[in-house]
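Engineer: Got a predicted structure here, sequence first:
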Amino acid sequence: MKPILAITMGDPAGIGPEITVRALNREETYEKCRPVVTGDAAIMEQAVRLLGFNLQVNAIQSVKDAKFTFGTIDVIDLQCVDLSTFEFGKVQPQCGNAAFQYIKKAIELAMADEVDGTVTAPLNKEALNLAGHHYDGHTEIYATFTNTKKYAMMLADENIRVIHVSTHVPLRKACDLVKKARVIECVELIDDACRQFGIEKPHIGVAGLNPHSSENGMFGYEEAQEIIPAIEELTARGFDVEGPVPPDSIFAKAKCGKFDGCVAMYHDQGHIPLKVCAFNWNKETGKMESASGVNITLGLPIIRVSVDHGTAFDVAGKGIANDSAMTLSIDYATRMAIYRKGKRDK
């Protein structure tokens, strides 16, 4: 059976509804999975009209009522948005709360095994916090509601797959968080993730923290004291791991296929190369033309894959948002769900 995926609609004022509708207007989406949206049926209907697609919105209260048929978008209708006060492209507390409720519902469905995985459209952190939900973003919400203590963010686009030792912390603190135990944990997580994508024996590259991976101690000590000991232990345990690879070359090598996964030491070290490859800026229009990267939270008991871009309030409601990242997210979530099901059935 094709896996059931819960797709959160994202912040209603952003491009989430639009890219979700576009992805569900592709017959190939239904050929590989059974999607159900957690959101507001009225907003999804609005997005269908905006795009001019011949689709029906099926408002439901339970997964068991879904049709899972191309041409019909099944929406678990949470009715969070007051359309009389709703505006596209605006930070609104009601939209921050709506996005939160959509996520919470998807997590509940996955934890109850009613769906096989979740895919998230973008939320707006300011709106989320204005609504009284004080989280840094999706990852922290998922960690809280799945009671997960050890987790990490992985970004992926084509050959580049990168996990981060630390993410949303000041850069000064990020250096202090480069520890042997955390590097080992990240390699374990990304190795397992690559296997879920169908890579039988992943080759993992570990980036250095300092320029030239410290040049034998000339530019720092973290490599010698934390990163190299982690790599030595992992190698002894049978992992195919290499490093510390100088940060200025590891991703060029990954892009060409040398590494199946990479470990970055902090947020921007991993995010910048991924977004250079995955994001396409149109100089003439002054707008982002497309963004194809995905964000996967590793270490959770459930599957969570997300688009790796924001709500794009500047283009929301204009019918021009690109669904490349949403389509790719659905593909990744499908592959992970099939792998996990196969592993359980063995």
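Structural biologist: Yep, it's here.

Engineer: Ala333 and Val48, how far apart?
Structural biologist: Taking C-beta to C-beta, to the nearest Å as the measure, Ala333 falls 22 Å from Val48. No exception for glycine: its C-beta is placed from N, CA and C like everyone else's.

Engineer: Can you list the low-confidence ranges for this structure?
Structural biologist: 287-290, 346 (pLDDT under 70).

Engineer: Which parts of it are strands?
Structural biologist: Assigned strands in the chain, in chain order: 4-8, 34-39, 56-60, 72-77, 117-120, 152-157, 160-164, 203-207, 240-245, 261-264, 279-282, 287-291, 294-298, 304-307 (criterion: DSSP state E).

Engineer: quick revisit: and Ala333 and Val48? which has more neighbours close in?
Structural biologist: Ala333 (28 against 20; other C-beta atoms under 10 Å).

Engineer: Let me know whether that one touches Leu5 as I believe.
Structural biologist: Yes: with contacts counted by C-beta atoms under 8 Å, Ala333 reaches Leu5, the gap being 5.5 Å.

Engineer: what touches both of the two?
Structural biologist: With contacts defined as C-beta atoms under 8 Å, 6 or more residues apart in numbering, the residues shared by Ala333 and Leu5 are 33, 117-119.

Engineer: Please list all residues in contact with the residue nearest the centre of the chain.
Structural biologist: Taking C-alpha atoms, centre = their mean, the centroid of the chain lies closest to Asn295, which sits 2.3 Å from it. Under the criterion of C-beta under 8 Å, 6+ apart, the neighbours of Asn295 are 138, 153-155, 305-308.

Engineer: and which of these is nearest Met1?
Structural biologist: Each of the contacts of Asn295 was checked against Met1 using C-beta to C-beta; the closest is Val305, at 19.4 Å.

Engineer: That closest one: neighbouring residues, count only.
Structural biologist: Counted by other C-beta under 10 Å, the residues lying close to Val305 total 29.

Engineer: Surely it touches Ile296?
Structural biologist: Yes: when contacts are counted by C-beta under 8 Å, Val305 is listed as touching Ile296 (5.1 Å).

Engineer: For those two, list the residues in contact with both.
Structural biologist: When C-beta under 8 Å, 6+ apart defines a contact, the residues bordering Val305 and Ile296 alike are 332, 336.

Engineer: what's the closest non-adjacent residue to Phe53?
Structural biologist: Computed as C-beta to C-beta, 6 or more residues apart in numbering, the closest residue to Phe53 that is not its neighbour in sequence is Asn25, at 5.0 Å.

Engineer: so how far is Gly220 from that neighbour?
Structural biologist: Distance of Asn25 to Gly220, computed by C-beta to C-beta: 51 Å.

Engineer: do the same with Thr311
Structural biologist: The value you get for Thr311 to Gly220, if C-beta to C-beta is used, is 37 Å.

Engineer: Which of those two has more residues huddled nearby?
Structural biologist: Taking Thr311 and Gly220 together and counting by other C-beta under 10 Å, Thr311 has the greater number of neighbours (26 against 18).

Engineer: what's the closest non-adjacent residue to that one?
Structural biologist: Nearest residue to Thr311 in three dimensions, chain neighbours excluded: Gly14, at 2.8 Å (C-beta to C-beta, 6+ apart).
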